[in-house]
Each structure stands twice: as C-alpha cells, then as structure tokens.
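Chemist: return atomic coordinates for the entry below.
(chains A and B)
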Amino acid sequence: MISFNLLILVSLAYVVFLFLVAFAAERRAKRDSGQWLRNPLVYTLSLSIYCTAWTFYGAVGYAARSGFEYLTIYLGPTIIMIGWWWILRKLVRIGKTQRITSVADLISSRFGKSTVLGVLVTVLAVVGTTPYIALQLQSVTQSLAVFAAEPGSGWDGRDFDSAAVWIAVGLAVFTLIFGTRNLDVNERHHGVVMAVAVEAVVKLFALVAVGVFVIWGMAGGVAEMLARIDAAVIADWHPVPHRWVGLIFLSAAAFLTLPRMFQVMVVENADEKHLATASWAFPLYVLIMSLFVVPIAVTGLALLPEGSNPDLFVLTIPLATGNEGLAILSFLGGFSSATSMVIVATIALATMVSNHIIAPIWLSSTQKGAALSGDVRGVIVLSRRLSIAVILALGYLYFRLSGGGGALAAIGLISFAGVVQVLPAMIAGIFWRGANRIGAGTGIVIGFVIWAWTLFLPSFGAGAVLSEFVMAEGPFGLAWLRPYALFGITGLDPVIHAVFWSIFFNTAALVILSVLTFPNPMERLQGAQFVNVFEHSAGARTWSQGAARAEDLLVMAQRIIGHAEAQEMFRQEARAQGIDGYLPEVTPELIGRLERTLSGSVGAATAHAMVGQLTGSAAVSVEDLIAVADETAQIVEYSNQLEAKSAEQDRTARALREANEKLTAISIQKDAFLSQISHELRTPMTSIRSFSEILREGEIDAEARGRFAGIIHDEATRLTRLLDDLLDLSYLENGQVQLDVGRGTLASVLDRAVMAAGLSDGRLVLHRDAAREAVVIETDLERLAQVFINLVSNAAKYCDAARPELTIRVSGDAEACQVDFIDNGTPLDADAQVLIFEKFSRLADESKAGGAGLGLAICRQIMESLGGEIAYLPGQGGPAFRVTLRRTVRMAAQ
Amino acid sequence: MGRRVLLIEDEPNIIEAISFILSKDGWTVHTHADGETAVDRVREGVPDLLILDVMLPGRSGFDILRELREEAAPDLPILMLTARGQQRDRDMAEQLGATRFMTKPFSNSEVLETVRALAGP
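Modeler: Below you'll find the model as predicted:
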C-alpha cells in the first residue's frame, strides 16, 4: 500500500527537483545569455503544456466514452503545427518584431495600441482560463483521492480540498519566484520553460509506461491488444462529422489563442527556426501521447468494475494490478501536466492583467512625473506578483464554488470555446490590413456574450445561473434565444452550437464593421506592420545577436550623455566584466543598460532606435520611427512653446519700451513746448513790464516816452498774436475747426493774402500768372488765405536776396492743384526743410521774425484740415513751398 | 565812468530796457547779442559784472557760463536771466556757478539792486 506520507514525500521531492531545474536554467541563462536554452527540443517540449491534466487523464476517459473522438483534440494542434509556415511563423515574427508579450498585447497592438481591446482580451482570457486552472487543481485532488480509496491506505476521510489549497499555494510560490525573477523585456522565463520541458518528458514517460504496461504487460503484445480493441465497444463508435469538424477547428483555434500556448509558442520562442523542428516534433509528441489512450481505455473498461471513472484509468489500472511504482509515476505525470499548465497560464495571465489593467490604472492614478521618475520596475514586479496571486486564488475559488463536480468535467472545451473568441481578430489582424479596432472589439464582445449565453452560463447546470425556464423556453419566452438552440437550431452538441454561433457573429461583426468604419492612422500603420511583417523585418533578431562594437557604442553614448559620464559608465561595465579600460564586451545587459541610460536623455524610442542602428539588431520599425517622431514632436512643441513664450515676452517688452519711449517723447515734447511757450510769453512781458516801470517813474524826455510806449504796444500785439496762434493751433490739432466752405477764384484768395501780408514797403517783387490763377475753387477760402498770407509774409521777412523776388506758380488739374511760393533767397538745408514745420522752429534771426515760429505749423494743420498738404519744395534755387489742393477745383481756367 | 556791465542778450527791447535802467544808475553797459562769440567778448575786456541770457542764438547761456567758469572768468559775478522760469534751469545755473539767477519778467528795481549787490563798489 502506498502511504500518504510516501506520496507526499515523492511529490515534494519532485517539486524540489523542479525548483532545482528552474534555478539551474536561470543561472545558466544569466551566464551565457540563454544560448544553452536555444534548443528546438526544449521549445517543442514546452509546447506540450497543451497537454494538461485534462488530456493526460481525460483523454482516456474521453476515449472510453466517445471512441476515437478524443483524437480531434490532438488533430487541431497537429494541423496548426504542420501548417506552421502560414500562421505560426507569422505570429512568431510579429511577436519578435513588435515585442509582443501576450495575446492581449498582440490584439491591442495590432489594432492601434487600443487600451480597450487589451482590457477586453485580458478579461476574456481570465474568464476562459480560470475554470481551466480549477480543473487542474481538481485533477490533482482526484488523483490523490484515488490513492485514498485504495483499501488499507490508512488516510481515509482526509480533506483533499485542503490539499488543493496547498497545491495552489505551492504553485503560486513557484510562479512568483520564476515568473517574476527578472523583468525581461521579452517576457522570457528560462527557468519556467526548462521546468515545463522536464515535466513534458515526465508526463510522456508516465503515459508511455502505462501504455507499454497494458499492451505488453497485460495484453501480451500489439496483436493481442488490437484484437481486444476490435472486440471492445469503443470500436463501435461512429464518428459524428459535425462534431469532428467542430472539435478539430476548436482545438486548432485554442492552440493558437490560449494564453499559455501563446506564451510558450510566441513569447518564449528564442529562435524562429525552432518552429521548423517543432512542426514535426510536436505532432510526434502528441501522437505518442495519443497512441496508448485507446489501449488504456479498453483495458480499463474490461478490467475495472462497471461504473469506475474512466478519467482515472491511468491511475486505477496500475493500482488494481498492484504496480504501485507505475501508479506513482502515473501520478507524477498527471501532477506534471497540471502544474506546468497552471504555472505557464498564470504567468501569461499575470502579464496581461499587469500590463493591460493594473499598470494603466496605476500610471493614470499617479502623477505623470512620479510615473517617469519613480521606480516603475518595482511597481511592475509588484503588480505582476499581485496578479499571479489573484489569478491562482480565483482558480482555487472557482474550484471550491463549482464543487469540483460534473461542471468541471466539460470545462476544458468550454474554456477553449471562450478563449477562441480572440481568433477572428487574431487571424484577420495578421492577414487583413482592413481589419480595424471597432470591428475586432465588437466581434470579440459579441462572440464573448454568445459564448457566455450558450455555453458558459448553462454549464453551471439548469437553474444554477440561468433558470430552467430560460433554458427550456428562452428568456421572456423568446424561443429563438434558447441557450442551446439559438435561432431554433436544435440537435447540435452544445459546444459545437456555441462555437458556431459565437464565431459566426464574431467574424461577421469584425468583417462588416471593419468595412464600414475607418481605422485611425496608428491602426493603419500597425495593420501594415503586422500583415506585411515579412517585408518589414529581415528576420527575427534580438539584441544579443548584435554586431555592435563597444567603440561605436561609446562614441554614440559620449555624443548623447557627455564624455565623462559615458566613459565612467563604460569603465564600470568593463570592470564588472573583469576587463581593464573603457571597452567592455558587448553583452545584451550592456546594450540594455546603455539604452536605458540614453533614454533618460533622448527618450526611450529614440534610444532604442539609435542603439538598434548600431547593434544592427531589430530593424528600426516604422513604429519606432513614429515614436521617435512623437518624442521629437514633443520636444519641438516644448521648445516652440518656450520660443513663443520668449518671443511674446520680447514683443511685450518691445511694446512696453516703445510705449515708454513714446510717453517719454511726449513728455519731453510737452516740457519743451511749455518751456517754449513760457519763453515766448515772458520775453514780450519782460519788455512791457520793464518799460512801463520806466514810464511810471517819469523823468524821461517826450521822444523816449513815445518810443517806449511804442515798444509796449508792439510787444502787447506780439503777445496777442502768439496767444491767437496758440489757440488756433490747438483747435486745428484737435480737429475742432469748423470749415466755412465757399467758392471763389484762386486769384482772389492770393490777392487778399498779398494784401494782408503787408508788403507796403514794396521791397518784395511779386511774379504771378493771372491766367493760371483763374480757376474756381471750393474750400474754406479764409483758411486757405491764412496759409498764403503766412507764406508771402515769410518770404517778405526772411528772403535774404539783395532784390527779393517771390514767384507764385500755379499748376495741376481738377484732381490736384499746386500753388508754389518760390523766392530767391538762400535755400533751406535738408534738416531745416523738415524742422521748419515744427512748432517754435524759427530758423532765422529772431529779431526779424516777429512771430513765435508757429506759422508753418499752423499752415500744415490747416492744409490737413482742407484735405491738401503743404511741403517744402527742394531744388528751386531758393526757399520754395508747395501748397497742394485736392479735389477743390470746380472750374478750370479758361 | 562807472563800473562796467556786459549784457549778453538777444532781445532788442530787453537790451534797451536794461541798458536804460543801468545807465541811468551810472553803469557803463556793453551789449552783445551773439552766443557763439560771447566768451571771446568777455575775454576781450572782462567787465565788473556779466548779465547773461540763457536762450541765445548760436549757443546756450549755460554753455557759455560753464566755459567762463572753467577758465576765463572763475570769479566774475554773473547774473543769469531766463524766460523759462523752471526749477531745472535754476538748479542748472546754480550748479554751473552762476552768482545770481533771475526770471523774466523782472522788476527794474530788482535788477538794479542785484547789480549793485554783485558789482557795487
């Protein structure tokens, strides 16, 4: 009899052995970059996690119940492996070039890095896989129960559920240790893969051992065995075509989409070439696994009493025949199948949950700065570990809640059917560029809902989740919605029925919505990357295959992070490798560290692209370039903002400076103006006051008194004129002047001006052209005369010729008429030509001026009011002023 | 012949008024109207008192004052006259070394008293 302690001891020893294998593999991987694990055989064996406890034990039971139909579960994967060139090769290539970490990542990444799709697939995977994990726990407890049921085992009445707890905890510990030991960017787990490969050997060996035992040990040879099979009921089973087709499709689809299969097949793949080996080695493995299923089933049915559980024949046959060693080996085979599946599935799910649910939530809930500066790795490891614990806890919970009963038996196929909802999105994603996010997402949701309605919820049994009424009559009596007979189609096996409808609507939604809606640019880009992956990538490469030379890397690093820092980093690396100087061996660790260091300066994508160029590994993808462009755009945007800001500050400063200058200028002008006015007013007042005091004191002769009185009179007049001019100018400048428009000839206005200018002394000789002056003008004649008076009297006052002459010349037409005043004095220099129109700008000797220097300033203001202008006219041989009248001529000269 | 006063001023009426007042009091008044040549005029014959207008054609009275104080006549009593009665001008005159500063219009007695005080015997 096998004692409980012995069984536990053997199990423990086996588990310790697995730990050692995993540790050894991790250490080797650390030492030589995992070269040792780049082995097609290990890869093939790791694929065997497809064969779980459900296949190890269940295949025999399946055969006992349904004949050769169990073969469909192996045929699907076999077809996929044989046709690896079409689908698997592409998946692996995409996985490498896009650095895909899980099924959820694949779908999310393909459809424009959609967060929603990532979450959706993750949820789907967790819901679909949790029951499967529960199934593995159940298989272990059931196998323990078999030993307990043996008479005299001495461990009756033990609670095997608590055993399930310990198993779950043990698996959790293993997974936590080897699943999150180091955060490989590629999500590779050397220790786990190695342990899984070893377990694959154990389960194959165990099943073969039992098979050999029943054929040669019991039946006595192949011929005898064949005869027994022929005689058994199994041979009478007739294949049901739709079930065969449906199940082969289902297992093939599950092989591609199960998270754990994707993990070992794509993510853990070290070399694309391993697929070629696996394409025949894996079918061979499952062939051997399936070879002995029927003999064991036939033997069990014949040997064991009616009602024995055929699922456990692998264990019960050795026990019934007293082969305890074989029974323990068989137990370990089942144990291996269960544990390897749970470990890999948990790692795959934890990656998804952590990457697509926890990390995004954590990143969005913390401040951006903290996410970038904090220890993100620590957070990821923590979330990974948390996810592992939660997933295993869920599996255990499901096992306990479902009662470990009949519901679990069918769970394998049910899980398959749930997980394969990803298939349409996956296949369309890698073969059809037109497939888009909306189509894929909707398809998955629809497929998932149909699967839940037609298969998952009913699997708990009628009345458990869905009421018996709903099961029989449909919800609200809608018969066409009956879970097992959608649209009234009855007679199909529930699994086939569910798979058919869910995949049908899933695919239909995907295709129709993809055609009807437009993908965003990122989707288009990713679509092209995925579908044309073989054109974009020269081959699957990794950093470690790089041909970069340390010198090149050092040069690049110096350029980016500076000489001192780069040299220090390289020297440290070299010292760590036991090398003197600056040039360490180019290891993946060095490249990884370099990339991380550089990314601090230039951004992760840019750093990756730069290192990628030098190492010649991982061709820089379009996505990399886009990411680089994004970073560059951000930097450009940032610097643009800064530039805009500083430009704006410059503008503001300039505006302020200009305003200040203007104010200062105005203030200076005002000061100067007031100062001028003060001077202009005080000067005549000084004379007036002084002479009036002299007059008041008396004691002066009559002649002097008369002269002094004359001076007082003149100065008073000067004051009055000054005040008049100031007021006039002020009115004109403020636009308060009311124009008094009238009609007259130019000649009459000039006549009046000449008269008013006081040319009584007759010194100034006038030259005029009567014919040309005979135009009729319409304007404020008074104001115009004021301008002319000013010009004529200025000529009279300032002309310094011996025989002063003034020529008044008229030219132009109705549109613009020019009246020029040219005398024969000294012409003004360039500065004076401008200054003369400014206030108080007396040029000539003050004594002769008589005015305050406001005359021309007033003229300019008047001409502006009249819509014309006055300007100095250079090059006329003497001072010349031109008055231009616009649109004032009503009648041209005859 | 009384003490000599040099009046540098460009307004004819003011020249006449000041000349009249001072002559009547017994001063010998010389006048000069041009700013540019004012310093030379002072050098030619240093008077007992200089009356200097600020706004002169050719050169500012302040400029003339500075030059006189720097070399030609550091101790010559100078009465500055200005028609721009601003504090700034007064400060400037003081700074440059004017002996007195007077704003136009002035009263005759004021001028007379100042001249007596600055150049009296």
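Chemist: switch to C-alpha atoms for all contacts and neighbour counts from now on
Modeler: Noted.
Chemist: pull the residues that contact stretch A:61-68.
Modeler: A:69-70, A:234-239, A:293-294, A:297-298, A:301, A:309-313 (CA atoms under 8 Å, 6 or more residues apart in numbering or on different chains).
Chemist: with stretch A:813-829 instead?
Modeler: A:791-792, A:795, A:798-801, A:804-812, A:874, A:876-892.
Chemist: so which of the residues you listed belong to strands?
Modeler: Mapping these onto strands (DSSP state E) picks out A:805-812, A:880-886, A:889-891.
Chemist: what's next to stretch A:270-282, contact-wise?
Modeler: Contacts of stretch A:270-282 (CA under 8 Å, 6+ apart): A:38-41, A:43-45, A:47-48, A:78, A:81-84, A:88-89, A:92-93, A:540.
Chemist: filter the residues you listed down to the buried ones, PyMOL style.
Modeler: Buried members of the contacts of stretch A:270-282, defined by 16 or more other CA atoms under 10 Å in any protein chain shown, are picked up in PyMOL with:
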select buried, chain A and resi 38+39+40+41+43+44+45+47+48+78+81+82+84+88+89+92+93+540
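Chemist: distance from the chain centre to stretch A:388-395, please.
Modeler: Mean-position distance between stretch A:388-395 and its chain equals 32 Å (CA atoms, centre = their mean, to the nearest Å).
Chemist: ok, residues contacting it?
Modeler: Residues contacting stretch A:388-395 (CA under 8 Å, 6+ apart): A:126, A:130-134, A:168, A:172, A:175-176, A:346-347, A:349-350.
Chemist: just curious, which of the residues you listed is nearest to chain B?
Modeler: The shortest approach to chain B among the contacts of stretch A:388-395 belongs to A:A350, at 86.5 Å (CA to the nearest CA).
Chemist: and the ones in strands among the contacts of stretch A:813-829, which are buried?
Modeler: Those of the ones in strands among the contacts of stretch A:813-829 that meet the buried threshold are A:805-810, A:880-886, A:889-890, by 16+ other CA under 10 Å.
Chemist: so which of the residues you listed are also by chain B?
Modeler: Among these, no residue is within reach of chain B (CA under 8 Å from any CA of the partner chain).
Chemist: re the thing from before, show me which pair in the contacts of stretch A:388-395 is furthest apart.
Modeler: Comparing every pair within the contacts of stretch A:388-395 by CA to CA identifies A:P131 and A:L176 as the most remote, at 20.5 Å.
Chemist: so between the two, which is more surrounded?
Modeler: Each of A:P131 and A:L176 has its neighbours counted (other CA atoms under 10 Å in any protein chain shown); A:P131 has more, 24 against 21.
Chemist: which residues sit in contact with that one?
Modeler: Contacts of A:P131 (CA under 8 Å, 6+ apart): A:G395, A:Y398, A:F399, A:L408, A:I411, A:S415.
Chemist: next, count neighbours for A:E199.
Modeler: 27.
Chemist: hang on, isn't A:V883 packed against A:A871?
Modeler: Yes - contact criterion CA atoms under 8 Å: A:V883 and A:A871 qualify, at 6.7 Å.
Chemist: and B:F101, backbone torsions?
Modeler: Main-chain dihedrals, B:F101, degrees, to the nearest 10: phi -140, psi 130.
Chemist: separation between A:T683 and A:L719?
Modeler: 9 Å (CA to CA, to the nearest Å).
Chemist: next one: A:I496
Modeler: In terms of CA to CA, A:I496 sits 118 Å off from A:L719.
Chemist: please list all residues in contact with the residue of chain B found nearest chain A.
Modeler: The nearest approach of chain B to chain A comes at B:P105, 4.0 Å away (CA to the nearest CA). Shown in contact with B:P105 (CA under 8 Å, 6+ apart): A:R682, A:T683, A:M685, A:T686, A:S687, A:R689, A:S690, B:A83.
Chemist: closest to A:L12 out of those?
Modeler: Distance to A:L12, by CA to CA, is smallest for B:A83 among the contacts of B:P105, at 117.7 Å.
Chemist: which of the helices or strands spans the residue positioned nearest the centre of chain B?
Modeler: Centroid check for chain B by CA atoms, centre = their mean gives B:I51 as the closest residue, at 1.2 Å. Per DSSP states H and E, B:I51 falls inside strand B:49-53.
Chemist: for the next helix or strand after that strand, what is the average pLDDT?
Modeler: Per DSSP H and E, the first helix or strand lying C-terminal to strand B:49-53 is helix B:61-67. The average pLDDT within helix B:61-67 is 88.
Chemist: buried set for helix B:61-67?
Modeler: Per 16+ other CA under 10 Å, helix B:61-67 contains these buried residues: B:G61, B:F62, B:I64, B:L65, B:R66.
Chemist: what of stretch B:75-95?
Modeler: Applying 16+ other CA under 10 Å to stretch B:75-95 flags B:76-85, B:89-90, B:93 as buried.
Chemist: which ones among the residues you listed map onto helices?
Modeler: B:D89, B:R90, B:A93 (DSSP state H).
Chemist: make CSV out of those and add pLDDT and distance to chain A.
Modeler: CSV is the format used below for those (pLDDT from 0 to 100; distance: CA to the nearest CA, whole Å):
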residue, pLDDT, distance to chain A
B:D89, 82, 10
B:R90, 84, 13
B:A93, 86, 16
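Chemist: the strand holding B:I51 and chain A, are they touching?
Modeler: No - Strand B:49-53 is not in contact with chain A by CA under 8 Å from any CA; minimum separation 11.1 Å.
Chemist: ok, and what's touching that strand?
Modeler: By CA under 8 Å, 6+ apart, strand B:49-53 touches B:4-10, B:61, B:76-82, B:115, B:118-119.
Chemist: out of those, which touch chain A?
Modeler: Within the contacts of strand B:49-53, those near chain A by CA under 8 Å from any CA are B:D10, B:T82.
Chemist: do I have it right that A:R93 meets A:V533?
Modeler: Yes - applying CA under 8 Å, one finds A:R93 in contact with A:V533, separated by 7.0 Å.
Chemist: out of the contacts of stretch A:270-282, which are close to chain B?
Modeler: Applying CA under 8 Å from any CA to the contacts of stretch A:270-282, none is adjacent to chain B.
Chemist: and B:M80, what are its bridge partners?
Modeler: Residues in a beta bridge with B:M80, per DSSP bridges, are B:L52, B:F101.
Chemist: you'd agree it is up against B:F101?
Modeler: Yes - between B:M80 and B:F101 there is a contact at 4.7 Å, judged by CA under 8 Å.
Chemist: between those two, which contacts overlap?
Modeler: B:A93.
Chemist: what residues does chain B have near chain A?
Modeler: So chain B meets chain A at B:10-14, B:17, B:21, B:57, B:82-85, B:104-108 (CA under 8 Å from any CA).
Chemist: just the buried ones among those residues, please.
Modeler: Buried among the residues of chain B next to chain A (16+ other CA under 10 Å): B:10-11, B:13-14, B:17, B:21, B:57, B:82-85, B:104-106, B:108.
Chemist: closest one of these to A:Q786?
Modeler: B:E11 (27.4 Å).
Chemist: which entries within the contacts of stretch A:61-68 meet the buried criterion?
Modeler: Counted by 16+ other CA under 10 Å, the contacts of stretch A:61-68 give A:E69, A:Y70, A:I234, A:V293, A:V294, A:A297, A:V298, A:L301, A:P310, A:D311, A:L312, A:F313 as buried.
Chemist: make TSV out of those and add pLDDT.
Modeler: Formatted as TSV, the buried ones among the contacts of stretch A:61-68 follow (pLDDT from 0 to 100):
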residue	pLDDT
A:E69	82
A:Y70	82
A:I234	67
A:V293	87
A:V294	85
A:A297	86
A:V298	85
A:L301	82
A:P310	81
A:D311	82
A:L312	83
A:F313	85
